[in-house]
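Q: With the sequence up front, the predicted model follows.
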Amino acid sequence: MTTSLYIFLLSLVLTLGLTPLAGGLARRLKILDHPDERLKKHEKPIPYLGGLAVYLGFILSLIAFKFWESSSLIGVVGVASGTSLIVVLGLIDDKYKLSPALKLIGQILAAVALILCNMRLQFIHHPALSVILSVLWVVGVTNAMNLIDVMDGLASGVSVIAAAVFFLIAAQNGRFNDMYILAALGGAALGFLPHNFPRARIYLGDTGALLLGFVLASIAMGESYSQVNPLAVLAPILILGVPIFDTLFIMFLRHRRGVSVFRGSPDHLALRLVHRGFTKQRTVLLLWAASLGLGAAAFLSIQVPMHWSLMIYLSAGLLALFVGERIGGFSMEPGA
């Protein structure tokens, strides 16, 4: 536990200090997010590359303490290599705007790097099915975190909460490598947050949002959740409930309108809450609270017998349907 605390603090301090430097680099390289009339309504161009600072804080602290403890990277190679691939992909996309197909190929390659290091869905015993579903899970969650990165502090704050819940589960099950990875990720995301909330001076960009989703998806696959009931394998769906719900919600709304799911549109849960009268800061705080509540429910679900766990998941499902019905009944398109 002490090592995890040191990793967390080093990652936090590194990211806190590196983020302004990353912002300066983004300005010099002109890697900026420019406002438009439709989706991007900030007042002036905001630098990307916040994700580069998050990556450096995460990877440097993780590698330093792994070598200090065991003189090897055994146990973190899959996440470190896959994350590095994701970061390269994100940096290229932030600068040159890759096509959805190229981004998908890059994400699949990063997921395969995990599988080659034996990080896959452990509860599925059929090898081919396990590989296919593992790739779908990693790619899906990676993009889900990217999709919720539409408001200052949202993706990074949700990631801090998710990392904390996964950390508690890893500690409960004695999975030290997972604890180190999550401590590094939580510290990096928290170190970035003061630069991004309540008013952003720098953005994560695809680099950071994809990184956060990828690491959380990776850890979710390798966890041992509970011997109490088999439904415990569903805990990651609750822990990552905010980005997963937002992704499915957007896909449903766009499909209903006959719009490509790859086309950007203001359908996001956070933007709809603002449309309903919430301030942006209050919306982010509300979704942080939702993420914390879902994480607490997930942690509880792995401690209780199966019938109580089933009630938790059914309640969460009904709540998701209720929220979707209440905020999905109006158009967010300009002029609609």
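A: Done, it's in.
Q: Just give the nearest non-adjacent residue to Ala26, would you?
A: Nearest residue to Ala26 in three dimensions, chain neighbours excluded: Pro47, at 3.5 Å (CB to CB, 6 or more residues apart in numbering). Quick note: C-beta positions are derived from backbone N, CA and C, even for glycine.
Q: That neighbour contacts Pro20, doesn't it?
A: No: using CB atoms under 8 Å, Pro47 is not in contact with Pro20, being 9.9 Å away.
Q: shared neighbours, these two?
A: Ile202 (CB atoms under 8 Å, 6 or more residues apart in numbering).
Q: And those two? Which one has more around it.
A: More neighbours surround Pro47 than the other of Pro47 and Pro20, with 25 against 15 (other CB atoms under 10 Å).
Q: can you pull the pLDDT of that one?
A: Looking at Pro47, its pLDDT stands at 93.
Q: Show me what counts as buried in the lengthiest helix in the chain.
A: The helix that spans the most residues within the chain, counting by DSSP state H, is helix 2-29. If you call a residue buried by 16 or more other CB atoms under 10 Å, then helix 2-29 has these buried ones: 4, 6-8, 10-12, 14-16, 18-19, 22-23, 25-27.
Q: ok now it, how far from the chain's centre?
A: Relative to the mean C-alpha coordinate of its chain, helix 2-29 is positioned 18 Å out (CA atoms, centre = their mean, to the nearest Å).
Q: other SSEs contacting it?
A: Packed against helix 2-29 by the contact rule (3 or more CB pairs under 8 Å, 6 or more residues apart in numbering; DSSP states H and E) you find strand 46-47, helix 50-70, helix 176-192.
Q: mind checking which of the ones you listed is nearest Met306?
A: helix 176-192 (24.4 Å; CB to CB).
Q: strand partners of the helix or strand of the chain with the lowest mean pLDDT, parallel vs antiparallel please.
A: Of all helical and strand segments in the chain, the minimum by mean pLDDT, DSSP states H and E falls on strand 32-33, at a mean of 84. Strand pairing for strand 32-33, determined by DSSP bridges: strand 46-47 (antiparallel).
Q: residue boundaries of the helices in this structure?
A: So, for the chain - with DSSP H - the helices run 2-29, 50-70, 77-96, 100-116, 127-147, 154-172, 176-192, 205-222, 235-239, 241-257, 269-275, 280-301, 306-327.
Q: What separation is there between the spatially most central residue of the chain and Gln122?
A: Central residue of the chain (CA atoms, centre = their mean): Gly213, 3.0 Å from the mean position. Taking CB to CB, to the nearest Å as the measure, Gly213 falls 20 Å from Gln122.
Q: What are the buried residues along stretch 49-63?
A: Buried residues in stretch 49-63, counted by 16+ other CB under 10 Å: 49-62.
Q: what about Ala164, how many neighbours?
A: 17.
Q: hang on, isn't it packed against Gly295?
A: Yes: at 7.4 Å, Ala164 counts as touching Gly295 under the criterion of CB under 8 Å.
Q: how about low-confidence regions in the stretch 1-150 of the chain?
A: The model of the stretch 1-150 of the chain has pLDDT under 70 over residues 36-43.
Q: And for the stretch 201-336 of the chain?
A: Short version for the stretch 201-336 of the chain, where the test is pLDDT under 70: 223-228, 260-265, 329-336.
Q: Swap in 80 and give it another go.
A: 222-228, 257-266, 328-336 (pLDDT under 80).
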